[in-house]
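1. Build me a structure from this.
(2 chains)
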Amino acid sequence: MGIEPVDVLLAGLGAIALGAGVLVVSTRHIVRAGLWLVVALGATAGLYLVLSAELVAWVQVLLYVGAVVVLLLFAVMLTRAPIGASPDLDRPRWAGLLVGGGAGVGLAALLIDAYRWSRVPLPPGTGATEIGTEVFRTWVLPFEVLSVLLLAALIGAIVLSRPDIGAADTETGRREG
Amino acid sequence: MHPVIPYVVAAGLFGIGCYGVLVRRNAVLLLMAVELMLNAVNLVFVTADTTVRAALPHSGQVFALFVIVLAAAEVGVGLAVVLQLYRLRRSVAVDEVPLDEGAGNSEDVEGALR
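-> Okay, here's the model as predicted:
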């Protein structure tokens, strides 16, 4: 029943993640939402480290904090978002509060009911060796399909963002003419 | 370690992301809220991998890696869509996008292009 140091770490990092998440969806500055997203994702990477998932934690830092947030900040800059506070970022909140709060509280109640205050010994850390073995032994086919999906997403993004390729009768083609 | 702590954190993150998707009007902020939801799912995967003794070891972490890659692809395409929307309408407010127009031949789009 006792509180272990691991629990304190998990609770602290979880509180940071939740607080930063609330700020992401409630701040009035668009750029600050992106920076709070960095805090939330970084705290989640810390949670992965505590949960002994080293490789996932570092991939999270590389891909999420490195690539995804930079892409989102690029999107913020390219759509010429205002620098200061924007007053009209939110719709009326009651629907979001109802659905989001319902989903969060419902899932939390379900998981609390399922796990109670049970205690699990922390397994030894899993580095790249174990994960790599597992990926290339059991999950090879999804891995390869995922590389095809990445290629498709790359080509799709290029086709979408270049107006001079694609069907000539769409509005993007006419724009050139 | 008590697995209920990361599970409850994941549930809270998912609820926050859900709220953000429903409330935000800016398409980029909407993508950020989607990232929060995907992150909550990943946290459930990793926690389950740590706590549940499965037949295939470390499947949860492998799936978390797959979800991270999927999120990267999703943001790449999402960024392209948002930029195209901005190019057409000079705004990325998602509730101003008309859903009932044909393949871009309404007067609004024509006006924006001229």
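
2. show me what contacts residue 28?
-> Answering for chain A, as no chain was given. A:85-87, A:89 (CB atoms under 8 Å, 6 or more residues apart in numbering or on different chains). Backbone N, C-alpha and C define where each C-beta goes, glycine included.

3. actually it's chain B I care about, not the one you picked
-> A:30, A:72, A:75-76, A:79, A:81, B:82, B:92.

4. So what's the residue count around A:Leu62?
-> 12 (other CB atoms under 10 Å in any protein chain shown).

5. give the contact list for the residue nearest the centre of chain B.
-> Chain B has B:Val34 as the residue nearest its centroid, 2.4 Å off, counting by CA atoms, centre = their mean. Contacts of B:Val34 were listed using CB under 8 Å, 6+ apart, and they are B:17, B:21, B:74.

6. And the helix or strand harbouring the last one, what's buried?
-> Element membership for B:Glu74 (DSSP states H and E) is helix B:59-89. Residues of helix B:59-89 classed as buried under the neighbour-count rule (16 or more other CB atoms under 10 Å in any protein chain shown) are B:59-69, B:71-83, B:85-88.

7. Stretch A:120-140 now?
-> Across stretch A:120-140, burial judged by 16+ other CB under 10 Å covers A:123, A:126, A:130-131, A:134-135, A:139.

8. Skipping its backbone neighbours, what lies nearest A:Trp117 in space?
-> B:His2 (6.0 Å; CB to CB, 6 or more residues apart in numbering or on different chains).

9. repeat for B:Phe63
-> According to CB to CB, 6+ apart, the nearest residue to B:Phe63 is B:Phe45 (5.1 Å).

10. quick one: the helices in chain A?
-> For chain A, the helices defined by DSSP state H occupy A:5-26, A:30-50, A:54-59, A:69-78, A:94-115, A:128-137, A:140-161, A:171-176.

11. Can you name the two of the contacts of A:Arg28 that sit furthest apart?
-> Farthest pair in those (CB to CB) is A:Ala85 and A:Leu89. Separation: 8.8 Å.

12. quick one: which of the two has more around it?
-> More neighbours surround A:Leu89 than the other of A:Ala85 and A:Leu89, with 20 against 11 (other CB under 10 Å).

13. ok, the more buried one to chain B distance?
-> Separation of A:Leu89 from chain B (CB to the nearest CB, to the nearest Å) stands at 6 Å.

14. shouldn't that residue be in contact with B:Ala27?
-> No - in this structure, A:Leu89 is not within contact of B:Ala27 by CB atoms under 8 Å, at 11.3 Å.

15. Fine, thanks again, bye for now.
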